[in-house]
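Undergrad: Quick one, structure for this:
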Amino acid sequence: MTSLRAWAVEGIGEVVEGTDLAALLSEQDLEDGDVVLVTSKVVSKSEGRVRSVDRETAIRDETVRVLARRGPTSIVENHLGLVMAAAGVDASNVTTGQVVLLPEDPDASARALRERVHAGTGRNVAVVITDTAGRAWRLGQTDLAVGCAGIEALQDFAGTTDSYGNDLAVTAPAVADELASVAELVTGKLGGRPVSIVRGLAVGVLPPGEDGPGARALVRARGEDMFALGAREAVVAAVRGRDADCFGSPAAPDEVLRAMESCGLDASIEGVSVRVRLSQEQVRDQVVTVERVRLVAHAHGWRPHSDSATRDDRDHVTVSPASP
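TA: Numbers count the residues shown, from 1 in each chain. Next comes the predicted model:
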């Protein structure tokens, strides 16, 4: 690959329930190896995913788990496993009083479009369904892939070496997301052009009948997500003693030790456990101290051997990794 060419498709027109998107795509001058990118909104409209309901009700219905909330803004996990603002519910470019939900199964939608385009044109293309989302740490939004077929969403270079001979461990470009961002640049937000084509990436397009794992492969598992909860929500989860999977697998003893010490607790590692010694003052206020230990332990996938110190060992609390 030496260059890419990307352009927006003109003249798609208004898409409503029942619009044959595959037929519209098949009318384009496609070549083998093209990547066709379609916004989730028009896919949803064609599939009848428009609802006459207020936006807040739709967000609540589409939400599986709230990660963070600040004022009117909520970051949630939706039924697709995607973490997005407002569960991906969109109230723009639709009749007042209506909202557009994400496709019920974007990967399946991408597979169906790809198959029908191939059947209608004989062209082997990849299909990516895009949506707009914010990013942690950075202002602004960019488009990403919520569904794809015919291309590997993630290119994993782990186990290979770079040109200097260094081993690559975590290098994995999110190709489908990168293509979605290219598409957004050429379609624009206000141009009414929901379809674009990227040409020049034929080497990455899979043979007919091989669709790849879809965009679902880009969804990070909750236990591997270092930001599975917002800051406030993490505190509440620790106090409640719930949502342990959001904190990942049990931390190493030295990490738990450092966390205990940072909270003013006198701790040491004993085998696979961490022992927290209570001062005379802490023994007098044992309930509060034990609760502090429990909160720190919970946030690291650990827990006390008992919920409170017994009469025989009230001068210390021992914590160990929680069992799966």
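
Undergrad: Would it be right to say that V127 lies in a strand?
TA: Yes. The assignment for V127 is a strand, going by DSSP: H, G, I helix; E, B strand; the rest coil.

Undergrad: who's in contact with it?
TA: For V127, the contact set (C-beta atoms under 8 Å, 6 or more residues apart in numbering) comprises 35-38, 110-111, 113-114, 117, 147-150. Every residue, glycine included, has its C-beta placed from N, CA and C.

Undergrad: so where's the longest helix in the protein?
TA: Counting by DSSP state H, the longest helix found in the chain is helix 106-121.

Undergrad: What residues does P213 make contact with?
TA: Counting by C-beta under 8 Å, 6+ apart, P213 touches E152, A153.

Undergrad: Check G97 too.
TA: By C-beta under 8 Å, 6+ apart, the residues touching G97 are S52, D54.

Undergrad: let's go with 6 Å and repeat that
TA: Taking C-beta atoms under 6 Å, 6 or more residues apart in numbering, we find G97 in contact with S52.

Undergrad: With F247 instead?
TA: Neighbouring residues of F247 by C-beta under 6 Å, 6+ apart: A299, G301.

Undergrad: and it, how far is that from P253?
TA: As judged by C-beta to C-beta, to the nearest Å, F247 and P253 stand 16 Å apart.

Undergrad: Name the residues that touch the longest helix of the chain?
TA: Against helix 106-121 from outside (C-beta under 6 Å, 6+ apart): 22, 25-26, 30, 43, 103, 125, 127, 129, 146-150, 208, 211, 214-216.

Undergrad: Kindly recompute the last result at 7 Å.
TA: Here helix 106-121 makes contact (C-beta atoms under 7 Å, 6 or more residues apart in numbering) with 21-22, 25-26, 30, 40, 43, 47, 80, 103, 123-129, 146-150, 208, 211, 214-216.

Undergrad: Identify each buried residue in that helix, please.
TA: Across helix 106-121, burial judged by 16 or more other C-beta atoms under 10 Å covers 106-107, 109-118, 121.

Undergrad: now these in a markdown table, with distance to R193?
TA: Shown next, in a markdown table, are the buried residues of helix 106-121 (distance: C-beta to C-beta, whole Å):
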| residue | distance to R193 |
| --- | --- |
| P106 | 20 |
| D107 | 23 |
| S109 | 19 |
| A110 | 19 |
| R111 | 23 |
| A112 | 22 |
| L113 | 17 |
| R114 | 20 |
| E115 | 24 |
| R116 | 21 |
| V117 | 18 |
| H118 | 23 |
| T121 | 21 |
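
Undergrad: Going along the chain, name the strands of the stretch 1-150 of the chain.
TA: Per DSSP state E, counting those that start in this stretch, the stretch 1-150 of the chain carries strands over the ranges 5-8, 35-39, 50-51, 63-70, 73-78, 83-85, 99-100, 126-135, 138-149.

Undergrad: which residues touch stretch 274-284?
TA: Stretch 274-284 has contacts (C-beta under 7 Å, 6+ apart) with 253, 256-257, 260, 265-268, 286, 289, 293, 314-319.

Undergrad: What separation do you get for L257 and A244?
TA: Counting by C-beta to C-beta, the gap from L257 to A244 is 20 Å.

Undergrad: cool, and E56?
TA: Taking C-beta to C-beta, one finds E56 at 29 Å from A244.

Undergrad: Could you check which of those two has the larger neighbour count?
TA: Using other C-beta atoms under 10 Å as the criterion, E56 and A244 rank with A244 on top: 18 against 13.

Undergrad: So what does the more buried one look like in phi/psi?
TA: phi -60, psi -30 (degrees, to the nearest 10).

Undergrad: which among the contacts of helix 106-121 end up buried?
TA: Looks like the contacts of helix 106-121 have 21-22, 25-26, 30, 40, 43, 47, 80, 103, 123-129, 146-150, 208, 211, 214-216 buried, using 16+ other C-beta under 10 Å.

Undergrad: Throw the buried residues of helix 106-121 into a markdown table and include pLDDT, thanks.
TA: Listed next are those as a markdown table, based on pLDDT from 0 to 100:
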| residue | pLDDT |
| --- | --- |
| P106 | 97 |
| D107 | 98 |
| S109 | 98 |
| A110 | 98 |
| R111 | 98 |
| A112 | 98 |
| L113 | 98 |
| R114 | 98 |
| E115 | 97 |
| R116 | 97 |
| V117 | 97 |
| H118 | 97 |
| T121 | 96 |
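
Undergrad: Next, A172: secondary structure please.
TA: Applying three-state DSSP: A172 is coil.

Undergrad: Surely it touches A153?
TA: No. A172 is beyond contact range of A153, at 10.1 Å (criterion: C-beta atoms under 7 Å).

Undergrad: who's more crowded, the two?
TA: A153 (23 against 13).

Undergrad: Quick check: the more buried one touching D211?
TA: No. Counting by C-beta under 7 Å, A153 does not reach D211; the two are 10.6 Å apart.
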